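J.: Sequence plus the predicted model coming up.
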Amino acid sequence: EMNIMARAAIIATGGYGGNKDMLKKYYPYYNKKMILVGKPHKGEGLQMAMEAGAATESLGVLLTHGPMCPGPGEVDALARQPETVWVNKFGERFVDETITFRFPECGNAFDRQPDGLSYNLLDEEIKQDRSRRGISTLHVSIVAATPLEKVDESFERAVNKGMVKISDSWNEIAEWMDVNPKALNATLDEYNASCDKGYDKIFGKTHENLKALRHPPYYAVKCYGSFLNTVGGIKINERMEALDKQARPIGGLYVTGNDAGGWISDTYNLDTASGSAFGFAINSGRIAGDNATAVMG
């Protein structure tokens, strides 16, 4: 520990996405298999502010990011395509798969699944089509509409890591998933029938993304929920001052960015506030800097 004398201090340590103990304590849907996409910050700044008497607000909010396969990027990207079918550990669909375009809400759907787990299913036709046309969704390492050149190699590596099962038989895939084969086949029969009719009677999936899975080999990709970081923490006022439990400013203590609470709902808004996490980080830092400078005289 170091003691540094100052009239003002600004906490900007980027949340606690890398602190599993804090995640377990504050995030009710936390699962140890969840994948952190952002930086593994430990939340030291939040802990220091709380020790100084700061109140908390929306401490358990995550910027969720939907399904992710911790394997090769091309496999992960294909598993997120809207034509795929997502089933939980009971072999049941749980969402309209086009929610992949709205990753914060996609994360909410994952949170509700047993063990925070999904098996994303596709067939050879979808794999070949997407390999040729490229992916349609946001991915951290692959540009949309760029042909996938190493798909087979990527799937082979994922199989060796135990993240993918490839088979001509859905029963064999169900066994690998530890799912009742009757339940999985019933789900796929119902889905394929919806594709034939051009209407998803269960979730209303858009017509252009309804592709029946009938062309073996079939692929099952094991996916877990993921998140960019935590986006809540210390209660602040409009000057970015940390507030105590009586809502009074703690003199000289400012909190910004992902360490601050109360500026975002429990679901990140892609429609009207896209980029708000980055925007808030920059502007809260500017506001805190202006006010801290005034305190310093």
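T.: Nice, I can see it.

J.: count of residues packed around the closest residue to Gly60 other than its chain neighbours?
T.: Among residues not flanking Gly60 along the chain, Tyr26 sits closest, at 3.9 Å (CB to CB, 6 or more residues apart in numbering). Yep, even glycine has a C-beta here, placed from its N, CA and C like the rest. Counted with other CB atoms under 10 Å, residues neighbouring Tyr26 total 21.

J.: Neighbours of the closest residue to Lys222 other than its chain neighbours, how many?
T.: Of all residues not flanking Lys222 in the chain, Met163 sits nearest, at 5.1 Å (CB to CB, 6+ apart). When neighbours are counted by other CB under 10 Å, Met163 registers 21.

J.: Met163 and Glu156: what is the separation?
T.: For Met163, the distance to Glu156 equals 11 Å [CB to CB, to the nearest Å].

J.: cool, Tyr218 as well?
T.: For Tyr218, the distance to Glu156 equals 16 Å [CB to CB].

J.: So for these two, which residue has more residues nearby?
T.: Legend: neighbour count by other CB under 10 Å for Tyr218 and Glu156, higher for Tyr218 (22 against 15).

J.: Let me know whether the more buried one touches Val164 as I believe.
T.: No - assessed by CB atoms under 8 Å, Tyr218 is found out of contact with Val164, at 10.8 Å.

J.: what secondary structure does Ile173 sit in?
T.: Secondary structure, DSSP: H, G, I helix; E, B strand; the rest coil: Ile173 is helix.

J.: What residues does it make contact with?
T.: Ile173 makes contact with 121, 165, 167, 184, 218, 220 under the criterion CB atoms under 8 Å, 6 or more residues apart in numbering.

J.: Over to Pro72?
T.: Residues in contact with Pro72 (CB under 8 Å, 6+ apart) are 154-155, 157-158.

J.: Serialize those to TSV and add fields for distance to Glu172 and neighbour count.
T.: Converted to TSV, the contacts of Pro72 look like this (distance: CB to CB, whole Å; neighbours: other CB atoms under 10 Å):
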residue	distance to Glu172	neighbour count
Ser154	21	20
Phe155	16	22
Arg157	20	16
Ala158	17	24
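
J.: Which of these fall in helices?
T.: Using DSSP state H, the subset of the contacts of Pro72 located in helices is 154-155, 157-158.

J.: Skipping its backbone neighbours, what lies nearest Asp115 in space?
T.: Using CB to CB, 6+ apart and skipping residues adjacent in sequence, the residue nearest Asp115 is Lys89, 6.1 Å away.

J.: That neighbour in helix, strand or coil?
T.: Assigned by three-state DSSP, the conformation of Lys89 is coil.

J.: Relative to Gly285, how far out is it?
T.: Applying CB to CB, the value for Lys89 to Gly285 is 42 Å.

J.: Report the residue spans of the protein with pLDDT below the cut-off.
T.: 138, 140, 272 (pLDDT under 70).

J.: So which residues of it form strands?
T.: 9-11, 35-36, 56-57, 62-68, 85-87, 117-123, 164-167, 218-230, 233-235, 241-243, 249-255, 260-261 (DSSP state E).
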